[in-house]
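[1] here's my sequence, what's the structure:
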Amino acid sequence: MTTYDNDNIFAKILRGELPAHKVYEDDDILAFLDIFPLSEGHTLVIPKAPSRNLLDIDPDTLCTLMRGVQKVALGVKEALEADGIQIRQYNEAPAGQEVFHTHFHVIPVKEGQRPGPRPSDMAPQEQLAAVAGKIRAALGSGLNT
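    Below you'll find the model as predicted:
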């Protein structure tokens, strides 16, 4: 297995080197909007501790991360009035992993709709900011500032 790369995009977001539309943060996890959303409110939940994916993450960190995934999923569902939530997670490039920092996709789904294909263009920043505000409100902010 390949080692963890400290220069991956999520590591840079964690260090504050790249911007993100954050919706939740605590001592162990960070949740922020995907800039190429499969549906409105598509959120990524990552551990702050470095790990490449599910295959090498510390089991205790994984447990903490999954509690965060559930919390964020509940907030996304409420904020976007979704009828369901998809949780996706990929491990290594052949399985579809593109960013090699453990992460879970929280994708809201409405009745009769399916998440679309990955868009080729980033979502407009003002749209992402508005959606992030809705999710933060549903989660009671939950941001370490």
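[2] can we go C-alpha only for contacts and neighbour counts from here?
    Noted.
[3] the residue nearest in space to the middle of the chain in helix, strand or coil?
    What sits nearest the mean C-alpha location of the chain, by Cα atoms, centre = their mean, is L44, with 0.6 Å. Three-state assignment for L44 (DSSP: H, G, I helix; E, B strand; the rest coil): strand.
[4] what sits against it?
    Shown in contact with L44 (Cα atoms under 8 Å, 6 or more residues apart in numbering): 31-34, 103-106.
[5] and with 6 Å instead?
    Contacts for L44 (Cα atoms under 6 Å, 6 or more residues apart in numbering) come out as 31-33, 104-105.
[6] do the same with I85
    With contacts defined as Cα under 6 Å, 6+ apart, I85 is in contact with 107-109.
[7] same thing with L18?
    K12.
[8] what's across from the closest residue to the residue nearest to the centre of the chain other than its chain neighbours in the sheet?
    Setting aside the residues directly before and after it, L44 is nearest to H105 in space (Cα to Cα, 6 or more residues apart in numbering), at 4.8 Å. Listed beta-bridge partners, H105: L44, R88 (assigned using DSSP bridges).
[9] low-scoring stretches of the protein, by residue?
    1, 141-145 (pLDDT under 70).
[10] quick check: nearest residue in space to D5, chain neighbours excluded?
    Setting aside the residues directly before and after it, D5 is nearest to F100 in space (Cα to Cα, 6+ apart), at 7.3 Å.
[11] brain fart, A132
    Distances taken as Cα to Cα, 6+ apart place V23 nearest to A132, at 5.6 Å, with adjacent residues excluded.
[12] quick check: that neighbour is in a helix.
    No: under three-state DSSP, V23 sits outside any helix and is assigned strand.
[13] could you check how many residues crowd around it?
    29 (other Cα atoms under 10 Å).
[14] what's the burial count for D60?
    9.
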